[in-house]
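Visitor: Just a sequence and a predicted model for now, questions to come.
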Amino acid sequence: IIGIVSNLVMTPYILHWIGIERYGLLAVIGALTGYFGLFELGMGASVVKYSAEYFALNDHKKVNQVINSALVFYLVLAIIIGIVAFFFLKPVLGLFRIPAALYHEAYIVFMIGLFLFAAANLVSPLGAILIGKQRMDLVALLGIITSVFTVTGTVFFLSHGFGIVGLMVNNALVFIIIACVTLVLVRKIYPTIQYNLFLFDVAMFKRFFSFAYKIQVSRFAEITFLQFDKLLISRYLSLGTVSYYQVGSAIVSRFRDCALQVVAAIFPAVSELHAKMDQERLVTLYERGSKYICIIGVSMVFFTMIEASLIIRAWLGHGFEQAMWILRVLAPVYCLNLLTGIAISMAAGLGKNIYQMNAAIIHAALNIVLSLLLISRFGLNGLLVSITVSMTVSVVYFMVVFHRFIKVPLLPFVTRFFMKPFIVALFVSLILFFIEQPIGVFPGRLINISLLVIKAAFFFSLFFLVLFRIRYLDAYDQHIFLRALGLRLKGSGSLR
């Protein structure tokens, strides 16, 4: 959460110092680096899974085999990435409309980005130890340290005129600091760790791959969803348009990331209930989780759509009108993606991640084909249509096959849990729309920030009040939400 907030807060500052084109260039470099991440083959998830498994069995020999097998793989991967970058980096950059004046910067930034990616992979097995030991407090601490040093370094390098190269140097310095801290923490909590590449185990590596490939297919689709569009915009349109797209998509992406925190505890709970063959509680968990994620997602998407202009003005000031339109279009698309979060975690916990993999293939294939067809004829609008269609089709497919598996009829489920929040959010949005018509547009970010806070407080307060009044939330739900707000409950188990 801290990283998400700091990223949003620093965006206006970064834009001020580097400008629209260089901000777009950073987005393109990030997208390209993301695709290099596919070389990782999903091994990171496997390392977390098997290190946690062998920690539970107190099998230190196997833990060290897991860690060192991963280190060997990532070392080979780093060498491969270095070779690929040496021979193909310039031709790859030539595919995009990068102005000649920015080409040298782009080359340096991309090289540093690839180096950081390779180095981060080498350190990632150590992070898996922290997760396997269930030391989420230390993981959170590393996140806080990362955010603090990143923000501090960003201000220093940009204010001293180092531009986007300075930002990447700052990322490298932060990585070195975090890597050193991680080494110390791992040695402290797991003193029996061994760094010995000869502990590489072929059988262990095969287990990694058998688990990882389905996850990697889904990850390819996610990267396509989040990054492919930026590459196409850079190829067919301009870096400036990439910047506006990045700004518009960043907001809904961060909202999505925050909302998905609700899903974090679903996977282990489902695994436990599945092991106990407790079908009734599994369905109850799915229904309540879907209800909560629907409340969050639907309210956020309606507020974002109706207040997109105000959100952008409060965040970045005037001059980003194109980003407002992008934000309005992408908000429901990201909401669709969010609404499957509980179902995806349920499917994974039930050992049915094949459904997610198939949905990911459908989404990636549709998105790539439609985007290539439409962006050349209709520009950015064609790309937005492609994103919307591919996401809708893949979500519908996944929900149909998943509900068929758990034997819960889909249409009654959607009507029961999604319809009321949708109608209430629409009702509150219309009220807000008519109230704000006489207000008009104000100059200055401070007054727009204040207005955004007031409108958000009004919208979400009225939204939840109506949901309470129509009894969409039962006593247990009300207890959860009021406890989240820090309100004390009276009586024994009842709400007043």
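Guide: Great, that's in hand.

Visitor: The residue minimising distance to the centre of the chain and Trp17, how far apart?
Guide: Closest to where the C-alpha atoms of the chain average out (C-alpha atoms, centre = their mean) is Asp257, at 4.8 Å. Here Asp257 is placed at a distance of 25 Å from Trp17 (C-beta to C-beta, to the nearest Å). For the C-beta atoms, the positions are set from N, CA and C on the backbone; glycine is no exception.

Visitor: Is there a neighbour count for Pro443? I'd like the number.
Guide: For Pro443, the neighbour count with other C-beta atoms under 10 Å is 9.

Visitor: Which of the three states applies to it?
Guide: coil (DSSP: H, G, I helix; E, B strand; the rest coil).

Visitor: Tell me the pLDDT of the residue nearest to the centre of the chain.
Guide: Per-residue pLDDT puts Asp257 at 73.

Visitor: and what of Leu25?
Guide: At Leu25, pLDDT is 86.

Visitor: Repeat that for Leu384.
Guide: With respect to pLDDT, Leu384 scores 90.

Visitor: Burial check on it, number of neighbours?
Guide: Leu384: 23 neighbours (other C-beta under 10 Å).

Visitor: Just the element for the nearest residue to it once chain neighbours are set aside, please.
Guide: Counting by C-beta to C-beta, 6 or more residues apart in numbering, Leu384 lies nearest to Val329, which is 4.8 Å off, once chain neighbours are set aside. In the assignment (DSSP states H and E), Val329 maps to helix 321-339.

Visitor: what's the offset of that helix from the middle of its chain?
Guide: In this view, helix 321-339 has its centroid 14 Å away from the chain centroid, taken as C-alpha atoms, centre = their mean, to the nearest Å.

Visitor: go on, stretch 103-123?
Guide: Distance of stretch 103-123 from the chain centroid (C-alpha atoms, centre = their mean) equals 21 Å.

Visitor: repeat for stretch 393-412
Guide: Worked out by C-alpha atoms, centre = their mean, stretch 393-412 lies 23 Å from the chain centre.

Visitor: Using CSV, list the CA coordinates for it.
Guide: Coordinates of the C-alpha atoms in stretch 393-412 are reproduced here as CSV (Å, rounded to 0.1, in the frame of the first residue of the first chain):
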residue,chain,number,x,y,z
VAL,A,393,-14.7,-12.3,-23.3
SER,A,394,-12.0,-13.8,-21.1
VAL,A,395,-13.8,-12.9,-17.9
VAL,A,396,-17.1,-14.4,-19.1
TYR,A,397,-15.3,-17.6,-20.1
PHE,A,398,-13.6,-18.0,-16.8
MET,A,399,-16.7,-17.3,-14.7
VAL,A,400,-18.8,-19.8,-16.7
VAL,A,401,-16.3,-22.7,-16.4
PHE,A,402,-15.5,-21.9,-12.8
HIS,A,403,-19.2,-21.8,-11.8
ARG,A,404,-19.8,-25.0,-13.7
PHE,A,405,-17.1,-26.6,-11.6
ILE,A,406,-18.3,-25.4,-8.2
LYS,A,407,-21.9,-26.1,-9.3
VAL,A,408,-23.2,-22.7,-8.5
PRO,A,409,-25.5,-21.2,-11.2
LEU,A,410,-23.7,-18.1,-12.6
LEU,A,411,-26.7,-15.9,-13.6
PRO,A,412,-28.5,-16.1,-10.2
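
Visitor: Contacts for it, please.
Guide: 221, 282-283, 286, 336-337, 339-340, 343-344, 346-347, 350, 352, 355-356, 358-360, 362-363, 366, 413 (C-beta atoms under 8 Å, 6 or more residues apart in numbering).

Visitor: switch the cut-off to 7 Å
Guide: Stretch 393-412 is contacted from outside by 283, 336, 340, 343, 347, 352, 355-356, 359, 362-363, 366, 413, using C-beta atoms under 7 Å, 6 or more residues apart in numbering.

Visitor: now for these, which pair is the farthest apart?
Guide: The widest separation within those, taken as C-beta to C-beta, falls between Val283 and Leu366 and amounts to 30.6 Å.

Visitor: neighbour count winner among these two?
Guide: Using other C-beta under 10 Å as the criterion, Val283 and Leu366 rank with Leu366 on top: 19 against 16.

Visitor: how far away is Ser238 from Val369?
Guide: 23 Å.

Visitor: Those two - which one has more neighbours?
Guide: Ser238 (17 against 12).

Visitor: where in the stretch 1-150 of the chain is pLDDT low?
Guide: 1-4, 34-42, 44-45, 132, 134 (pLDDT under 70).

Visitor: okay, now Lys61: neighbour count?
Guide: Lys61 has 12 neighbours, counted by other C-beta under 10 Å.

Visitor: chain center to the helix or strand hosting it: distance?
Guide: Per DSSP H and E, Lys61 falls inside helix 60-93. Centroid separation for helix 60-93 versus its chain: 24 Å, with C-alpha atoms, centre = their mean.

Visitor: For it, buried residues please.
Guide: For helix 60-93, a neighbour-count test (16 or more other C-beta atoms under 10 Å) marks 62-71, 73-74, 77-78, 81, 85, 89, 93 as buried.

Visitor: With stretch 233-248 instead?
Guide: Using 16+ other C-beta under 10 Å as the test for burial, stretch 233-248 gives 233-234, 236-248.

Visitor: What of stretch 131-147?
Guide: Applying a neighbour-count criterion of 16+ other C-beta under 10 Å, one finds 131-133, 135, 138, 146-147 buried in stretch 131-147.

Visitor: Can you give the contact residues for it?
Guide: Applying C-beta under 7 Å, 6+ apart, the contact partners of stretch 131-147 are 2-3, 6, 48, 51-52, 55, 130, 174, 178, 181-182, 185, 189-190.
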